[in-house]
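> Following is a predicted model, sequence given first.
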Amino acid sequence: MPIVPREFKIGLLVTALLEDRYNKTGHIRDQARDIAKRYEQKLAPFGPVVNPGFFEDEAGAVKAARVLNAEEVGCVVLVEIAYQKGLIPMRALRELDMPLIIWNAQLVNEFPEGADFDLIMVNSGMCGLPELTSALIRADRDFFLVTGSIDDPGTSTKLGGYVRAARAVARLRNARVGLIGTSYEGMTDMMQDNLAVMETFGTTCWPIVPDEITDAFAEVKNGEVKHLIDEQRSKNRTIELEDTMMDRSARLALALDSVSRNGGYDAVAELDQVWLPEPKIGVIPFFGSSLMVENHVPFACEGDVMRALSMLVLEELAGHSTFLEHYILDYKRNLMFNSHDGHGNPGLADPAHGVRIVPTIYYKGVNGFGASFNYSYRPGSVTLFSIGSIGEGRFQLISSQGAFVAMKPRDISAPQTLFKWEGGSVAEFSERWLSAAPSHHHAAAYGDLNELISATALMLKCGHIEV
C-alpha cells in the first residue's frame, strides 16, 4: 500500500430527456432511476462511486455537478440512456474539472424481436451522444469514449483502464515526493524545474535532510532488525553477507521506511551515495530502497524525481513498478540488457532463479559494502516508461512495449533482465528511444500499457511518444 492512501472516487452522471413541452415519456422515470443505479453497480469494482441520481434538466445537472465536486471525485463517467439535449450535460460538465469518460452504454447487446418503445427509449443513448461529443470538441474539452453494453467484459476492461489512468492523474495531483540529498552531480536529466513539475502534475517536491535518516537509524530497535531479516529468509531469499553488515543494511532499510512514512511521502528520490562517508551508517541503501519499491513506495536512485513520478504512475496503472537503465545491446538476439546497480523490485524476481542478498560491488562506504540484491526479473510482457523533460517547463511521456526474456542472472550484485522490443530490431529501438527525450533511467511494469499511458498523458495535457 502507498504510504499516504488517498481515496479515489468515481463520479457518475446519468441523464436523458423524458419530458419537456413536446416530449412526454415521464412514465419511465422510475425505470431510469433504477437504471442509473445499475450503472453505479457496474462501476463499483473500480472504486467508490458517487451517484447523484438520474437527472433530466438544467437545474438537476447543476445539482449533480455540485455533489460530485463536494465529494472531490477523481473522474466522471457520463451515461445518456436516451436522447438528451446537449446543453444539459454540458451545464454539469462545465463545473467539473477532472477526466471525463463518456460511456456509450446500453442494457441490451442486440435489437430484440418485439422490442417496444420503452425498451428502445432506455437503450438509445447513441441518439444524443453525437450532440454532446460535438459540443465537447467545440469547447476544447478532452474526453474518452467507451462503447459497449452494460454486461460486456471487454467494455468493463476498457472502462477500468481509463479509471486507472484517472487514478494515476489524481495520485500525482496529490503527491509529495521527498528528495534525500541532491541529484547526482552533473546529471542533466535530473535538472528539472520543480515548480514546473507542480504546475504540470500537481506534485510537490520536498527536501529530506540526510541527517533525518541518520537519526532514525540510531532509533531502530534490534528486534525490528531481526524481524526484517527473518522476513527475508521466510521468502526463501538467501543472505550472503556477514551478520554485522546485514544488520546495518536492515537498520538503514527501517530508517528509510520510518522517515518516508512519517513524512507522508508518496515517493522518494535519493542520492544513494550520501551516507557512504557518514560513520554512523557508512553503507549504500540498496537493500532498503529496493524493499520500499517492493512495498509499493517508489524510490528512485541518484535524486531522480521524474522517475519517482514515473514509478508512481505505474503503481496506479499496473499495481507495481521497478527502476532500470539500458546497458548492452545484444544485436544477435535483438535484446537490450537492463539493470541498475543493486536497486529494483525483488518482488518481481523470476522464481526459477530466486533472490540473493549479497554485498554490493559498486559502492564502498566507510563501513564497507552494504547489502544489495542479485536476481533476474520474471519473463513476461512489459512496458518501459519515462517522463521526459523537453524544455521550457514542459514534459512528455515516453513508453515502449515489449517483453522481459528469461535469463539466468549474472553474478553482478544487481537486478537484471533482457528486454525484447515488440518492434523487433534492438538498433531501431535504441534510436527511437534516444530520440524521444527520455532519461538514462526508466521505470517498468508488466503488461501492455501504451494505451493507458497515452490516456494518462492526455488527462495531464502532456504529449506522449510510443517507441
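Perfect, I can see it now.
> Looking at the residue nearest to Asn23 when sequence neighbours are not counted now. What's its pLDDT?
Distances taken as Cβ to Cβ, 6 or more residues apart in numbering place Leu17 nearest to Asn23, at 6.0 Å, with adjacent residues excluded. For glycine as for every other residue, the C-beta is placed from the backbone atoms N, C-alpha and C. Leu17 carries a pLDDT value of 89.
> Test my guess that Leu17 contacts Gly86.
No. Counting by Cβ atoms under 8 Å, Gly86 is not a contact partner of Leu17; they are 10.5 Å apart.
> overlap in contacts of the two?
Shared contacts of Leu17 and Gly86 (Cβ atoms under 8 Å, 6 or more residues apart in numbering): Gly128.
> Packing partners of the lowest-mean-pLDDT helix or strand in the chain?
Sorting the helices and strands of the chain by mean pLDDT, DSSP states H and E puts helix 117-121 at the bottom, at a mean of 79. For helix 117-121, not one helix or strand is in contact under the criterion 3 or more Cβ pairs under 8 Å, 6 or more residues apart in numbering; DSSP states H and E.
> Can I get it as CSV, trimmed to CA atoms?
The C-alpha coordinates for helix 117-121 follow below in CSV (Å, rounded to 0.1, in the frame of the first residue of the first chain):
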residue,chain,number,x,y,z
PHE,A,117,-40.9,1.8,-27.3
ASP,A,118,-39.9,1.8,-23.7
LEU,A,119,-37.0,-0.7,-24.3
ILE,A,120,-35.8,1.5,-27.2
MET,A,121,-36.0,4.6,-25.0
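> in the stretch 51-200 of the chain, which spans are helices?
For the stretch 51-200 of the chain, the helices defined by DSSP state H, counting those that start in this stretch cover 58-70, 87-93, 117-121, 129-138, 153-173, 194-201.
> would JSON lines of those helices with distance to Glu316 be doable?
JSON lines is the format used below for those (distance: least, Cβ to Cβ, whole Å):
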{"stretch": "helix 58-70", "distance to Glu316": "20"}
{"stretch": "helix 87-93", "distance to Glu316": "24"}
{"stretch": "helix 117-121", "distance to Glu316": "38"}
{"stretch": "helix 129-138", "distance to Glu316": "25"}
{"stretch": "helix 153-173", "distance to Glu316": "4"}
{"stretch": "helix 194-201", "distance to Glu316": "13"}
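> between the ones you listed, which one is nearest to Glu392?
helix 194-201 (8.5 Å; Cβ to Cβ).
> For the residue nearest to Asn23, which three-state class applies?
coil (DSSP: H, G, I helix; E, B strand; the rest coil).
> Tell me which strands the helix or strand that contains Lys420 pairs with, and in which orientation.
In the assignment (DSSP states H and E), Lys420 maps to strand 415-421. The pairing partners recorded for strand 415-421 under DSSP bridges are strand 335-339 (antiparallel), strand 371-376 (parallel), strand 394-405 (antiparallel).
> avg pLDDT for that strand?
If you average the pLDDT over strand 415-421, you get 98.
> For the helix or strand following that strand, buried residues please.
Next in sequence after strand 415-421, counting helices and strands by DSSP H and E, comes helix 426-434. The neighbour-count check on helix 426-434 (16 or more other Cβ atoms under 10 Å) flags 426, 429, 432-433 as buried.
> tell me the angle of helix 426-434 relative to strand 335-339?
If you take axes from the mean of the first three to the mean of the last three Cα atoms, to 10 degrees, helix 426-434 sits at 50 degrees to strand 335-339.
> what's the very next helix or strand once past helix 426-434 packed up against?
Moving toward the C-terminus from helix 426-434, the next helix or strand (DSSP H and E) is strand 442-446. Under the contact definition 3+ Cβ pairs under 8 Å, 6+ apart, strand 442-446 sits against helix 305-318, strand 322-330, strand 380-391.
> tell me the mean pLDDT over strand 442-446?
Mean pLDDT, strand 442-446: 98.
> same question, stretch 35-49
For stretch 35-49, mean pLDDT rounds to 96.
> Apart from its chain neighbours, what residue comes closest to the residue nearest the centre of the chain?
The structure's the chain has its C-alpha centroid closest to Val313; by Cα atoms, centre = their mean the separation is 2.3 Å. Distances taken as Cβ to Cβ, 6+ apart place Ala168 nearest to Val313, at 4.7 Å, with adjacent residues excluded.
> Need the pLDDT of the one you found.
Ala168 carries a pLDDT value of 97.
> With Glu113 instead?
pLDDT, Glu113: 86.
> thought Gly161 was touching Ala455?
Yes. Between Gly161 and Ala455 there is a contact at 7.2 Å, judged by Cβ under 8 Å.
> Which of those two has more residues huddled nearby?
Counted by other Cβ atoms under 10 Å, Gly161 and Ala455 do not tie: Ala455 has more neighbours, with 23 against 18.
> re the thing from before, figure out which of the strands paired with strand 415-421 is closest to His296.
Nearest to His296, of all the strands paired with strand 415-421, is strand 371-376, at 17.0 Å by Cβ to Cβ.
> Just name the most buried of the helices and strands packed on strand 442-446.
Mean neighbour count (mean count of other Cβ atoms under 10 Å) peaks for helix 305-318 among the helices and strands packed on strand 442-446, with a mean of 27.
> Next up, the contacts around Cys75.
Cys75 touches 10-11, 98-101, 162-163, 166-167, 170, counting by Cβ under 8 Å, 6+ apart.
> This completes my enquiry, with thanks.
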